[in-house]
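In: can't give you the sequence, but here's the structure:
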């Protein structure tokens, strides 16, 4: 059996459903294929859930930081029920480099973030229990986002505009050599999907998907642990203002705080080690900012994977921090477009870039409208949770808030 469509999107995380929504809103016939039984099963659903202001990337990647700031504001408009307006703080401890702090602060100003410089007593007002070693800090418009709500609402919008969503549809092969010039996507135990274009939005598995079509896509995925502890009332997202390192962020999450994270290269995104030292180091480093974390009860731990693009990573020294994204067309597989890298905050922007490329190939001239149209249930958390359950999108990142 063969199912005809204009575009097949592989991957049911934030980027994949974002691409499906954007294309469907432009009138393109789209089928989204996700190998898991629900959406949001990979990178998106295993993040720490920060809605970045861009401050984390301001000095290393100002263009990426500006993208974050714009998308932060956009998501608050189109999906307020997915976002908690926690605010964020970057704090310098006594042993941290004051010159790095000033560079970070200046870079945030350059991006247009309007950071608020804070003295130690002002920081202690905002974060009771902050370490005595805190020297200074500044406030930024970080927030906390629910990946389950965001992915499910985006998928619902895609469906409302005519896209079809197929979970439990593992792609096993992509044939690019048909006489018709169309691509044939073969699904394990399911129909063959015939499409003019295929979007590879498989995150850490994007290299494997590209290989099915005879194309190469260098990936360097890394794993990172998230440690959720019992810690109600934190307030803002707390970032340690130093060069990127393990255990430098604490995220308020309902009655919990989520601590992150590590960065360890993995060879196989389906089979990788989960080491105790990662949990211990994350707890220890985060406790340098909030000493009470050292004795807080660990409620759960989970590991996420970053879908890092190898050419970008090879160009960096040390631990990569940009998390920019790339849209890759493949000469070896005409019609296949891969999207790699990025972060949850900029998923809509990533989807727009992919849809622009695909629409250009298809001759579709409709503009992107995803930044203007609110998502279904945009301001209704109960409706958003219903959608998350309907799409099987509840993952470790917010299983404490969005109940299955």
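Out: In hand now; what should we look at? Note that the structure is predicted; figures quoted are calculated from it, not measured.
In: show me what contacts the residue most central in space within the chain?
Out: The centroid of the chain falls nearest to residue 344 when counting by C-alpha atoms, centre = their mean (2.3 Å). If a contact means C-beta atoms under 8 Å, 6 or more residues apart in numbering, then residue 344 has 14, 44, 47, 49, 50, 51, 145, 147, 150 as its contacts. (Each C-beta comes from the backbone N, C-alpha and C, glycine too.)
In: nearest to residue 302, of those residues?
Out: residue 47 (9.8 Å; C-beta to C-beta).
In: count of neighbours near that closest one?
Out: Residues lying near residue 47 (other C-beta atoms under 10 Å) number 29.
In: dump the residue contacts of it.
Out: Going by C-beta under 8 Å, 6+ apart, the list of residues near residue 47 reads 147, 226, 304, 344, 397.
In: Most widely separated two among the residues you listed?
Out: 226 and 344 (13.0 Å).
In: Below-threshold pLDDT in the stretch 51-200 of the chain: ranges please.
Out: 178-179 (pLDDT under 70).
In: what ranges do the helices span in it?
Out: 62-78, 98-111, 120-126, 147-160 (DSSP state H, counting those that start in this stretch).
In: can you check the stretch 201-350 of the chain too?
Out: Ranges of helices in the stretch 201-350 of the chain, per DSSP H, counting those that start in this stretch, are 206-212, 276-287, 310-314, 347-362.
In: quick one, domains of this protein?
Out: Using automatic domain parsing, the domain parsing of the chain gives 2-44+147-218+322-398, 88-140+222-306.
In: Which of the ones you listed sits closest to residue 58?
Out: domain 88-140+222-306 (3.7 Å).
In: gap between that closest one and the chain center?
Out: 17 Å (C-alpha atoms, centre = their mean, to the nearest Å).
In: sorry, back to before: could I get the helices of the stretch 51-200 of the chain in TSV, plus columns for distance to residue 402 and mean neighbour count?
Out: Output for the helices of the stretch 51-200 of the chain, formatted as TSV (distance: least, C-beta to C-beta, whole Å; neighbours: other C-beta atoms under 10 Å):
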stretch	distance to residue 402	mean neighbour count
helix 62-78	17	19
helix 98-111	31	17
helix 120-126	27	15
helix 147-160	5	27
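In: can you list these in JSON lines and add distance to residue 219?
Out: Below are the helices of the stretch 51-200 of the chain laid out as JSON lines (distance: least, C-beta to C-beta, whole Å):
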{"stretch": "helix 62-78", "distance to residue 219": "19"}
{"stretch": "helix 98-111", "distance to residue 219": "29"}
{"stretch": "helix 120-126", "distance to residue 219": "39"}
{"stretch": "helix 147-160", "distance to residue 219": "21"}
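In: Which of those helices sits closest to residue 287?
Out: helix 120-126 (16.6 Å).
In: got the contact list for that closest one?
Out: So helix 120-126 is in contact with 89, 91, 118, 130, 134, 135, 136, 137, 139, 235, 236, going by C-beta under 8 Å, 6+ apart.
In: Now render the helices of the stretch 201-350 of the chain as a markdown table, adding distance to residue 124 and mean pLDDT.
Out: Formatted as a markdown table, the helices of the stretch 201-350 of the chain follow (distance: least, C-beta to C-beta, whole Å; pLDDT from 0 to 100):
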| stretch | distance to residue 124 | mean pLDDT |
| --- | --- | --- |
| helix 206-212 | 44 | 97 |
| helix 276-287 | 17 | 97 |
| helix 310-314 | 38 | 64 |
| helix 347-362 | 35 | 97 |
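In: and of these, who's closest to residue 112?
Out: Each of the helices of the stretch 201-350 of the chain has some distance to residue 112 by C-beta to C-beta; the shortest is helix 347-362, at 16.4 Å.
In: List the contacts of that closest one.
Out: With C-beta under 8 Å, 6+ apart as the criterion, helix 347-362 contacts 6-7, 14-15, 18-19, 21-23, 26, 28, 44, 67, 70-71, 74-75, 150, 196-197, 199, 201, 325, 327, 329, 335, 337, 339, 342, 365-366, 368, 370-371.
In: Quick one, which of those residues are buried?
Out: The neighbour count (16 or more other C-beta atoms under 10 Å) marks 6-7, 14-15, 18-19, 21-23, 26, 28, 44, 67, 70-71, 74-75, 150, 196-197, 199, 201, 325, 327, 335, 337, 339, 342, 368, 370-371 as buried among the contacts of helix 347-362.
In: Just those residues: which are in strands?
Out: 7, 197, 199, 325, 327, 337, 339 (DSSP state E).
In: Of these, just say which sits nearest to residue 85.
Out: For these, the nearest to residue 85 is residue 325 (25.3 Å; C-beta to C-beta).
In: mind listing what that closest one touches?
Out: 309, 339, 340, 341, 342, 346, 350, 353 are the contacts of residue 325 under C-beta under 8 Å, 6+ apart.
In: which one among these gets closest to residue 289?
Out: residue 346 (26.0 Å).
In: can you tell me how far the nearest residue to residue 231 once chain neighbours are set aside sits from residue 205?
Out: Leaving aside its chain neighbours, residue 231 sits nearest to residue 257 (3.8 Å; criterion: C-beta to C-beta, 6 or more residues apart in numbering). To residue 205, residue 257 is 30 Å away according to C-beta to C-beta, to the nearest Å.
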